[in-house]
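S.K.: Give the three-dimensional model of this entry:
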Amino acid sequence: MSITRRRFIGTASLAAASLAVPRVAASSVVGANEEIRVGVIGLGNRGAGSHVPGMQGLGGVRVAAVCDPDRQRLDKCAASIESKYGHKAEKFVDMRELIAKKELDVVTVATMQYWHALPTIWACQAGKDIYVEKPLAHSIVEGQRMVAAARKYDRIVQIGTQARSEAKTHAAIKYIREEKLGKIKYITAFANKPRTPIGNRETPLPIPDYVDHELWCGPARKEPIYRDRLQYDCSFTWNMGDGESCNQGVHEIDVARWALGEEQLPRRVMSLGGRFVFNDAGDVPNTQIIYYDFPTAPVLYEVHNMRAAKGSSQAPNFKGARTDSCVHCEGGYVLIRSGIACDNEGKRITTFPGGGNHFANFIGAVRSGKREDLNADILEGHRSTSITHVGNISYRLGKHASPEEMRRQVADTPLMAEMYDRFMAHLKAHELDLAAEPVTLGPWLEIDRANERFTDNAEADRLVAGYARKPWVLPEV
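M.R.: Next up is the predicted model:
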């Protein structure tokens, strides 16, 4: 069905559950010598700093359009493209107008995750192929709808989990699966990424007149902002972000799941943590531990956004690494991101070198028209992102607890108890008064793996569905 841009935008602006975005036939496969025209949505550090040069640096690819509700970002990015690459990129404040451009073959989505689902679904409906950043979605149901749209409209959709395109990751996974160090016992994944407070204003942050605030908020709650910066720091709020265990954690969980060969959610999950020391407007934890109980082997996840100790300038580490997935095997361990394998005494056995180009892999699949050519198909992104969501759901259902209460809850799970000891040692290094800054203890949650829901827990399932502010709700697919 042919459509006009006006008609597409008019219907898309309804953005309700019964959204009637016109369907279009899947575009033909782009030929090997044809130019691929790309529109980039979201012009922060990732969009302007990686998507634009990453796409523009590939042969036969042109960034032909850019979009951001922040007109300063928009103008700056468009000017940079013209200066660096010698051509103009059409500018859009409203992503629906960019998606409706029939001249575009590809849309990349580099917004914050609360704005990933709708543009991905709309672009699928408009016959585009899509590269969408991680985490895939802001809720499990969003991810389900995104996968459904990709399949229904037969689109090539890649998620930005770049390790899937790195030679060292493939080599490390192969080494693990060949049981060169014996069978997997468990995996410890971790993000030791020092962050700083995002501010705690007494009066709401004024919204600049160069930002279309309605479009910027989109499906998130449009509420007063008490942090110091509008952009990016919204990721440290549940309204627009999902915390470090999802934002960064999807990378480590993705390769951990890959190593295990798991394709579903864990059987059960539990998390505890808190937002300590910062005293800011953020509400996601800056220190958190999660236990993912998979049938093959447990996966542990640890978040440390504070320094190693009070007054320290050092970041915490695990076996010398700051952010990685450590696969503990019978005869040693593998740090996948670091690309090294060691014996049980920590002596290095071998290394896994080699990088890759995730954008090039995506464009190759666009040209071939074969979803199986993708290194990180949207379904893989949904599976890994959803795992991180269930961990956060346990935390979000939690209550303040004493050390004795926490110890009782983890006592019968030895690996969780060990991780809990590390967690408490970290808090002690910051000289925290847990009466003044208590820990939030989440419940053990049993998971209906096949249906990506929880077992007999309506409150948890409400978080599975997520939230969308009208009229920016998910269309049925």
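S.K.: C-terminal to the strand or helix carrying I130, what's the next element?
M.R.: Using DSSP states H and E, I130 sits in strand 129-132. Tracing the chain past strand 129-132, the next element assigned as helix or strand by DSSP H and E is helix 140-152.
S.K.: Does that next one pack against any helices or strands, and if so which?
M.R.: helix 117-125, helix 378-396, helix 458-465 (3 or more Cβ pairs under 8 Å, 6 or more residues apart in numbering; DSSP states H and E). Heads up, the C-betas are built off the backbone N, CA and C, glycines and all.
S.K.: The strand holding I130 pairs with which strands?
M.R.: Using DSSP bridges, strand 129-132 pairs in its sheet with strand 106-109 (parallel), strand 157-159 (parallel).
S.K.: For the last one, which outside residues touch it?
M.R.: With Cβ atoms under 8 Å, 6 or more residues apart in numbering as the test, strand 157-159 has contacts from 120, 124, 129-134, 136, 146, 150, 358, 361-362, 365, 374-378, 380-381, 385.
S.K.: Any idea how far apart the tips of stretch 334-353 sit?
M.R.: Stretch 334-353 has an end-to-end distance of 13 Å (Cα to Cα, to the nearest Å).
S.K.: Now that stretch: buried residues?
M.R.: Residues V334, L335, I336, R337, S338, G339, I340, A341, C342, F352 are the ones in stretch 334-353 that count as buried (16 or more other Cβ atoms under 10 Å).
S.K.: okay, the helices and strands packed on helix 140-152, which one's buried deepest?
M.R.: Per residue and on average, the most neighbours among the helices and strands packed on helix 140-152 fall to helix 117-125, with a mean of 28 (mean count of other Cβ atoms under 10 Å).
S.K.: what angle separates it from helix 378-396?
M.R.: Helix 117-125 and helix 378-396 meet at an angle of 160 degrees, taking axes from the mean of the first three to the mean of the last three Cα atoms, to 10 degrees as the criterion.
S.K.: Would you mind confirming that Y301 makes contact with I253?
M.R.: Yes: Y301 is within contact range of I253, at 6.8 Å (criterion: Cβ atoms under 8 Å).
S.K.: Now list whatever residues contact both of the two.
M.R.: Common neighbours of Y301 and I253 (Cβ under 8 Å, 6+ apart) are A189, Y292.
S.K.: So S313, which state does it fall into?
M.R.: coil (DSSP: H, G, I helix; E, B strand; the rest coil).
S.K.: what residues are up against it?
M.R.: Residues near S313 by Cβ under 8 Å, 6+ apart: R307.
S.K.: Got phi/psi on V277?
M.R.: Backbone torsions of V277, given as degrees, to the nearest 10, read phi 70, psi -40.
S.K.: Look at it and say how many residues are nearby.
M.R.: 18 (other Cβ atoms under 10 Å).
S.K.: Quick one: the helices in the stretch 251-400 of the chain, in order.
M.R.: 358-368, 378-396 (DSSP state H, counting those that start in this stretch).
S.K.: no, scratch that, I was asking about the stretch 51-200 of the chain
M.R.: 52-56, 71-85, 95-99, 117-125, 140-152, 167-177.
S.K.: Adding mean pLDDT and distance to C217, write those helices out as JSON lines.
M.R.: Rendered in JSON lines, the data for the helices of the stretch 51-200 of the chain read as follows (pLDDT from 0 to 100; distance: least, Cβ to Cβ, whole Å):
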{"stretch": "helix 52-56", "mean pLDDT": "98", "distance to C217": "24"}
{"stretch": "helix 71-85", "mean pLDDT": "98", "distance to C217": "16"}
{"stretch": "helix 95-99", "mean pLDDT": "98", "distance to C217": "13"}
{"stretch": "helix 117-125", "mean pLDDT": "98", "distance to C217": "12"}
{"stretch": "helix 140-152", "mean pLDDT": "98", "distance to C217": "16"}
{"stretch": "helix 167-177", "mean pLDDT": "98", "distance to C217": "36"}
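S.K.: mind putting these in TSV, distance to M240 included?
M.R.: Shown next, in TSV, are those (distance: least, Cβ to Cβ, whole Å):
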stretch	distance to M240
helix 52-56	23
helix 71-85	17
helix 95-99	16
helix 117-125	13
helix 140-152	13
helix 167-177	29
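S.K.: how about TSV for the helices and strands packed on helix 140-152, with distance to D105 added?
M.R.: Output for the helices and strands packed on helix 140-152, formatted as TSV (distance: least, Cβ to Cβ, whole Å):
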stretch	distance to D105
helix 117-125	11
helix 378-396	17
helix 458-465	33
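S.K.: out of those helices, nearest to A78?
M.R.: Comparison of the helices and strands packed on helix 140-152 against A78 by Cβ to Cβ identifies helix 117-125 as nearest, at 18.8 Å.
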